[in-house]
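Enquirer: sequence? don't have it. structure:
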DNA sequence: TATGGATCCATA
DNA sequence: TATGGATCCATA
């Protein structure tokens, strides 16, 4: 699998020049590169989506990709997940005006930040949150918002969203995150950097190595491992 | 149905004091109030969710609510939808840095803004975008981001997200938008106001009038979207 | 084809 | 129970 490019949305404190960042970047970059299919082939060969008689498309599932990524980060690169980012519910919540009452109101913070796909801490204390985004495109918005807030709160030094290219997206589960549909919003997240004293936000765009119509190459399994066989049986 | 409160996230140009805004607010406020179930009863009586033998919950679907709202806005309040907000693909896209290349890169804007649930224009030119948010909670993030960008671009004077209270959410399709899960992000959207010369962003929180266990009150109808079939197959 | 959505799933 | 999905639907 390939990392096509890494976009830096903001970088306050010149974090992208640090050795700590470079080490994390190279680790996740290699972990992406090592995701192959069929496993052991050394490249990600993706079965092209195809229209079934029902009119639906058959596509590749997404869970395999994330689980390979996390495994590579752990087993090959030696990164251990750090547990959840603690963004307390009792943190400062600015008062908002109520309409039409015109009075101040503090909406209580009534949910927790559920954590990142991967939250790392280097020996020198450098903290990185990585989101492997193959949920629905709308979920990518939440991920970016969450990374932004965590950086602003000083809980994360660098936040990364890893997201499929538009071409890759075409052959994956319908409506998963993709850089094309985020492109119109980059300006907004980049603008958030103005109010942040220190921290970096980036997006890495990933893609398959090649497409195939070869019937002997299965689609990436959909659902969890237990249902992978089920998915293949349907073919 | 009730509107519990309307939170103003930012208001640049004192838009909330304008007669144009008041007129729109009162119209959508009444349109919410007139959503009833069973139809004609004058109140939204909601069947409480219940656990089935399979372990799944039976809950209320969400499409009925939105379609009633849009109908009330049109038939009772006389608001005609205005078509799509034109946020051109060739608008300014700021250059971002690529890592590790360190060079500037403009990510092309490769998707359109697909429009709002309701986009209104008063006779005096006042433009309001309203999102009735009963999609997935992550979709509420996209809606808020989209409203924010459209206001910033000067295409919308006031943007409103209408979203269920946490108590209401409990009995609707699992994982739909709710104020509880947005509460931790309000600060971010409120902060966007700082860089916007003119415009207003608000959230209205809505709720049922009463809950019932009465077996003669049906659940709000559900569609066949998403993983509906998968769920039914388990029954 | 493209965009926003609606629905149930997995797991701590 | 709570949070982040993963998946397929509806419609212009």
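Expert: All right, it came through fine. Everything quoted here is computed from the prediction, not taken from an experiment.

Enquirer: So which residues of chain A form helices?
Expert: Using DSSP state H, the helices of chain A run over A:19-33, A:63-75, A:137-152, A:166-169, A:179-182, A:186-192, A:225-234.

Enquirer: tell me the angle of the third one relative to helix B:137-152?
Expert: Angle of helix A:137-152 versus helix B:137-152, following axes from the mean of the first three to the mean of the last three C-alpha atoms, to 10 degrees, is 70 degrees.

Enquirer: Is DNA strand D within reach of helix A:137-152?
Expert: Yes - Helix A:137-152 is in contact with DNA strand D by C-beta under 7 Å from any atom of the strand, via A:139, A:142, A:143, A:146. C-beta coordinates here come from the backbone N, C-alpha and C atoms, glycine included.

Enquirer: Can you give me the distance of the first one to residue B:125?
Expert: This points to residue A:139. Taking C-beta to C-beta, to the nearest Å as the measure, residue A:139 falls 36 Å from residue B:125.

Enquirer: ok, the two, which is more surrounded?
Expert: residue A:139 (21 against 8; other C-beta atoms under 10 Å in any protein chain shown).

Enquirer: Please identify the nearest residue in space to the more buried one, excluding sequence neighbours.
Expert: Using C-beta to C-beta, 6 or more residues apart in numbering or on different chains and skipping the chain neighbours, the partner closest in space to residue A:139 is residue B:138 (4.1 Å).

Enquirer: which residues touch the one you found?
Expert: The contact partners of residue B:138, taken as C-beta atoms under 8 Å, 6 or more residues apart in numbering or on different chains, are A:135, A:136, A:138, A:139, A:141, A:142.

Enquirer: So what sits opposite the second one in the bridge?
Expert: As for beta bridges, residue A:136 partners with residue A:176 under DSSP bridges.

Enquirer: That one - how many residues pack around it?
Expert: Look at residue A:136: counted by other C-beta under 10 Å, it has 20 neighbours.

Enquirer: In terms of pLDDT, where does the residue located most distally from the centre of chain A sit?
Expert: Distance from the centre of chain A peaks at residue A:101, with 40.7 Å (C-alpha atoms, centre = their mean). Among the per-residue scores, residue A:101 holds a pLDDT of 98.

Enquirer: For the closest residue to residue A:214 other than its chain neighbours, give its distance to DNA strand D.
Expert: The shortest distance from residue A:214 to any non-neighbouring residue, by C-beta to C-beta, 6+ apart, is to residue A:47 (7.4 Å). Separation of residue A:47 from DNA strand D (C-beta to the nearest atom of the strand, to the nearest Å): 14 Å.

Enquirer: before we move on, back to that, want to throw the residues of helix A:137-152 next to DNA strand D into a markdown table with distance to residue A:192 and pLDDT?
Expert: Below are the residues of helix A:137-152 next to DNA strand D laid out as a markdown table (distance: C-beta to C-beta, whole Å; pLDDT from 0 to 100):
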| residue | distance to residue A:192 | pLDDT |
| --- | --- | --- |
| A:139 | 19 | 97 |
| A:142 | 15 | 97 |
| A:143 | 14 | 97 |
| A:146 | 12 | 96 |
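
Enquirer: got the contact list for residue A:93?
Expert: Contact analysis of residue A:93 by C-beta under 8 Å, 6+ apart lists A:106, A:107, A:108, A:109, B:183, B:186, B:187.

Enquirer: same thing but 7 Å
Expert: Residues counted as contacts of residue A:93 (C-beta atoms under 7 Å, 6 or more residues apart in numbering or on different chains) are A:106, A:107, A:109, B:187.

Enquirer: ok and the strand ranked longest in chain A relative to helix A:19-33, angle-wise?
Expert: Across chain A, the strand with the greatest residue count (assigned by DSSP state E) is strand A:2-12. Orientation of strand A:2-12 against helix A:19-33 (the same axes, to 10 degrees) gives an angle of 160 degrees.

Enquirer: Show me which positions of strand A:2-12 end up buried.
Expert: Residues of strand A:2-12 classed as buried under the neighbour-count rule (16 or more other C-beta atoms under 10 Å in any protein chain shown) are A:2, A:3, A:5, A:6, A:7, A:8, A:9, A:10, A:11.

Enquirer: near DNA strand C too, which of those?
Expert: When C-beta under 7 Å from any atom of the strand is applied, no member of the buried residues of strand A:2-12 is adjacent to DNA strand C.

Enquirer: mind putting the residues you listed in CSV, distance to residue A:209 and pLDDT included?
Expert: Shown next, in CSV, are the buried residues of strand A:2-12 (distance: C-beta to C-beta, whole Å; pLDDT from 0 to 100):
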residue, distance to residue A:209, pLDDT
A:2, 6, 96
A:3, 11, 97
A:5, 16, 98
A:6, 18, 98
A:7, 21, 98
A:8, 25, 98
A:9, 27, 98
A:10, 31, 98
A:11, 29, 98
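
Enquirer: show me where pLDDT drops low in chain A?
Expert: A:223-235 (pLDDT under 70).

Enquirer: got a list of what the nearest residue to residue A:147 once chain neighbours are set aside touches?
Expert: Among residues not flanking residue A:147 along the chain, residue A:159 sits closest, at 3.4 Å (C-beta to C-beta, 6+ apart). By C-beta under 7 Å, 6+ apart, the contact set of residue A:159 is A:129, A:147, A:150, A:151, A:201.

Enquirer: what about the nearest residue to residue A:90 once chain neighbours are set aside, how many neighbours?
Expert: Excluding the flanking residues, the one nearest residue A:90 by C-beta to C-beta, 6+ apart is residue A:109, at 7.5 Å. Number of residues near residue A:109 (other C-beta under 10 Å) recorded here: 20.

Enquirer: Does residue A:109 touch residue B:184 like I think?
Expert: Yes - if you go by C-beta atoms under 7 Å, residue A:109 and residue B:184 touch, sitting 5.1 Å apart.

Enquirer: In chain A, what residue lies closest to DNA strand C?
Expert: Closest contact between chain A and DNA strand C, by C-beta to the nearest atom of the strand, is at residue A:175 (3.7 Å).

Enquirer: what about that residue, distance to residue A:11?
Expert: Distance from residue A:175 to residue A:11, counting by C-beta to C-beta: 31 Å.

Enquirer: picking up where we left off before, roughly how far apart are the residue of chain A closest to DNA strand C and residue A:181?
Expert: To residue A:181, residue A:175 is 9 Å away according to C-beta to C-beta.

Enquirer: Could you pull up phi and psi at the residue of chain A closest to DNA strand C?
Expert: With angles defined as degrees, to the nearest 10, residue A:175 sits at phi 70, psi 20.

Enquirer: Verify the contact between it and residue A:136 for me.
Expert: Yes - counting by C-beta under 7 Å, residue A:175 touches residue A:136, with 5.4 Å between them.

Enquirer: And the nearest residue to residue A:42 once chain neighbours are set aside, how far from residue B:49?
Expert: Excluding the flanking residues, the one nearest residue A:42 by C-beta to C-beta, 6+ apart is residue A:36, at 5.4 Å. According to C-beta to C-beta, residue A:36 and residue B:49 sit 44 Å apart.

Enquirer: Lovely, talk soon.
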